[in-house]
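**Q** What would the 3D arrangement of this be:
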Amino acid sequence: MIESIKIIEFFNYATELKASDIHLYTGSFPMYRLHGKLYRAEEYGITTKDEVRQLIFNITDDFLKARFFSENLDDIDFSVDIPGAGRFRVNVFRCSAGDALVFRVIPSRIPTMEELGLPPSVEEMIRTRHSGLVLVTGKAGHGKTTTISAMLEYINKEFPYNIIMIEDPIEFVFEPKRSHISQRQVGEHANSFEQAIKSSLREDPDVIVIGEIRDFATASMTIQAAETGPLVISTLHTRSAVETIGRFVNFFPEDHRLNIRFLLADCMQGIISQTLVPKIDRTGRVLATEIMMGTTAISTLIREDKSQLMYSTIETGAKDGMQTLDFNLKNLMEANIIDPKDAFRYCNDKKRFLYYLDKM
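**A** Residues are numbered from 1 along each chain as shown. Predicted coordinates for the structure are as follows:
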């Protein structure tokens, strides 16, 4: 599939290092991201225009070629299996230097929730709550897709469910076990997230997975789907559980937000807000999470738009499986897994966390 020996060798080198991303730009050295840091692989030389163009031709089908090389200046997103290297999510785009590609490495095996370091309350939520809305949030590249995949694989092994996944593009490929899993890619199997969600509601779903809530139309169909009975799981790019509520509500026009808060309060089952923090020995990154459950208290605060009280409710909600990100960071720091400087860098309440560090 890849004709350039140099690029094949670079891919093998990066994947053996367990890089998370691979970058190829016309006229630049190849790069890879490892444990959150970007490195240049100068030993592989400058990537030429012809090498980049040939790689694009080798890994795209006729439909993707037509989109990228049209006059519309479209970038393209897709997933691809590269023999000997693995499976990747790919973005192909143009920049001032020429064509470019960024590959996100998709692990060959779906990890368990325990292996990821998710708290037991997440498994309990997935095991006992079979309808409503679950959101997994965090910055790009901080493991949201992997967390959702681990949750789905648990459901796949434990329940005879009909699972419909709507993605852009398809990343992890699931093998049905107790569940039946339909994976649909926007742009290939459906025109939009909105259309695919609407269609899925007529397909007797138990679980609907929506790759990302990006706009009003997707948010509107997400809340509608969560109201109708299935468990709906999706992602947002937010840093905390409290921020997630505000971001979701703000997708809607101002005169709709009161009603949306009521709907969200009724169907919200939980929010997992996560970040990956470098380990103290710099051998990798560890998951740190904030967990907010859809308890009666949280539902009331959502309904009454009292977001300023949610953080303290999460802090005191350990018996309900809740925890703040800062609490988890303190535990990781005290276990000598992460450095105090990194804990401070990733915490939400800098003032309180600094006070805690000063007392150590």
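**Q** Under the pLDDT cut-off, which ranges of the chain? List them.
**A** 1, 3 (pLDDT under 70).
**Q** what do you get if the cut-off is 80, keeping everything else the same?
**A** 1-4, 71, 73, 359-360 (pLDDT under 80).
**Q** what about the longest helix in it?
**A** helix 144-158 (DSSP state H).
**Q** buried ones in that helix?
**A** When burial is assessed from 16 or more other C-beta atoms under 10 Å, helix 144-158 yields the following buried residues: 144-156. Just so you know, the C-beta spots here come from the backbone N, C-alpha and C atoms, and that holds for glycine as well.
**Q** can you list the domains in this protein?
**A** For the chain, automatic domain parsing gives the domain ranges 5-106, 113-359.
**Q** Go through those and pick out the most buried.
**A** domain 113-359 (a mean of 18; mean count of other C-beta atoms under 10 Å).
**Q** and it, how far apart are its ends?
**A** For domain 113-359, the first-to-last residue distance is 33 Å (C-alpha to C-alpha, to the nearest Å).
**Q** tell me the centre residue of this structure?
**A** residue 144 (2.6 Å; C-alpha atoms, centre = their mean).
**Q** Contact partners for it?
**A** With contact taken as C-beta atoms under 8 Å, 6 or more residues apart in numbering, residue 144 is in contact with 136, 137, 138, 235, 274.
**Q** ok, now how distant is residue 344 from residue 139?
**A** For residue 344, the distance to residue 139 equals 17 Å [C-beta to C-beta, to the nearest Å].
**Q** wait, what's in contact with the closest residue to residue 285 other than its chain neighbours?
**A** Using C-beta to C-beta, 6 or more residues apart in numbering and skipping residues adjacent in sequence, the residue nearest residue 285 is residue 276, 4.0 Å away. Contact analysis of residue 276 by C-beta under 8 Å, 6+ apart lists 36, 141, 142, 143, 285, 286, 287, 288.
**Q** Would you mind measuring from the residue nearest to the centre of the chain to residue 287?
**A** Distance of residue 144 to residue 287, given as C-beta to C-beta: 11 Å.
**Q** Give me the common contacts of those two.
**A** residue 274.
**Q** Tell me the helix or strand right after the longest helix of the chain.
**A** strand 162-167 (DSSP states H and E).
**Q** for that next one, the distance to its chain's centre please.
**A** 15 Å (C-alpha atoms, centre = their mean, to the nearest Å).
**Q** Which elements pack onto it?
**A** For strand 162-167, the contact count by 3 or more C-beta pairs under 8 Å, 6 or more residues apart in numbering; DSSP states H and E identifies helix 144-158, strand 180-185, helix 193-200, strand 207-210 as packing neighbours.
**Q** Format the ones you listed as a markdown table; extra columns: distance to residue 46.
**A** Output for the helices and strands packed on strand 162-167, formatted as a markdown table (distance: least, C-beta to C-beta, whole Å):
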| stretch | distance to residue 46 |
| --- | --- |
| helix 144-158 | 32 |
| strand 180-185 | 34 |
| helix 193-200 | 39 |
| strand 207-210 | 40 |
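**Q** Out of the ones you listed, the one nearest residue 65 is which?
**A** strand 180-185 (16.9 Å; C-beta to C-beta).
**Q** thinking again about what came up before, take the contacts of residue 144 and keep only those in strands.
**A** 136, 137, 235, 274 (DSSP state E).
**Q** quick one: the residue nearest to the centre of the chain and residue 327, what's the gap?
**A** 20 Å.
**Q** Please state the offset of stretch 213-220 from the chain centre?
**A** Using C-alpha atoms, centre = their mean, the offset of stretch 213-220 from its chain centre is 16 Å.
**Q** now stretch 173-187
**A** Counting by C-alpha atoms, centre = their mean, stretch 173-187 comes out at 17 Å from the chain centroid.
**Q** Not counting its own residues, what contacts it?
**A** 77, 87, 110, 149, 152-153, 155-170, 190, 192-193, 196, 203, 206-207, 211.
**Q** Would you map the strands across the stretch 1-150 of the chain?
**A** 21-25, 31-34, 37-40, 76-82, 86-95, 98-106, 132-137 (DSSP state E, counting those that start in this stretch).
**Q** Sheet-wise, list the partners of the fifth one with their directions.
**A** When you say that, I think you mean strand 86-95. strand 76-82 (antiparallel), strand 98-106 (antiparallel) (DSSP bridges).
**Q** now the ones you listed in a markdown table, with distance to residue 119?
**A** Below are the strands paired with strand 86-95 laid out as a markdown table (distance: least, C-beta to C-beta, whole Å):
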| stretch | distance to residue 119 |
| --- | --- |
| strand 76-82 | 30 |
| strand 98-106 | 25 |
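**Q** just so I know, which of those lies nearest residue 228?
**A** strand 76-82 (28.7 Å).
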